[in-house]
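1. Mind looking at a prediction? Sequence and model below.
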Amino acid sequence: MRLPVLILPVALFLVACGAQPSPVFFGAERHELVLEDIRFVVFRKEDHAEVIRLGYLSRAERDAVPALMERAAAQATGCTTVGPGRGMWASPSLIGDTGEATFQLSC
């Protein structure tokens, strides 16, 4: 009898599992793209972009991801990346994280 009661909360949790921007990027434009079979979501706000990689990659497959994230930011926004986000725009991730990155843009 408990199974039907759990279906709604589990379904709502799964719906909310999509890529979400960090708080500083709330309200940003959202772009989705695939580069070299890797899915990315790019959030653009003002002259900054946050890139989130979707899906699982083995350790060996992650080597090319930082360059692809920079390319994804440029392609999705039509701007040039000029470096990592700084100050309040800095990535909250650890150095070397291939799941999320922020970039400053020049448009």
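-> That came through, no problem.
2. Please identify the helix or strand for residue 68.
-> Taking DSSP states H and E as the definition, residue 68 sits inside helix 65-77.
3. Check what contacts that helix and list those residues.
-> Helix 65-77 is contacted by residues 31, 33, 35-36, 38, 40, 42, 44, 49, 51, 53, 57, 79-81, 98, 101, 103, 105, 107 when judged by Cβ atoms under 8 Å, 6 or more residues apart in numbering. C-beta: built from backbone N, CA, C; applies to glycine.
4. Please repeat the previous calculation with a cut-off of 7 Å.
-> 31, 33, 35-36, 38, 40, 42, 44, 49, 51, 53, 57, 80-81, 98, 101, 103, 105 (Cβ atoms under 7 Å, 6 or more residues apart in numbering).
5. Just the buried ones from those residues?
-> 31, 35, 38, 40, 42, 44, 49, 51, 53, 81, 98, 101, 103, 105 (16 or more other Cβ atoms under 10 Å).
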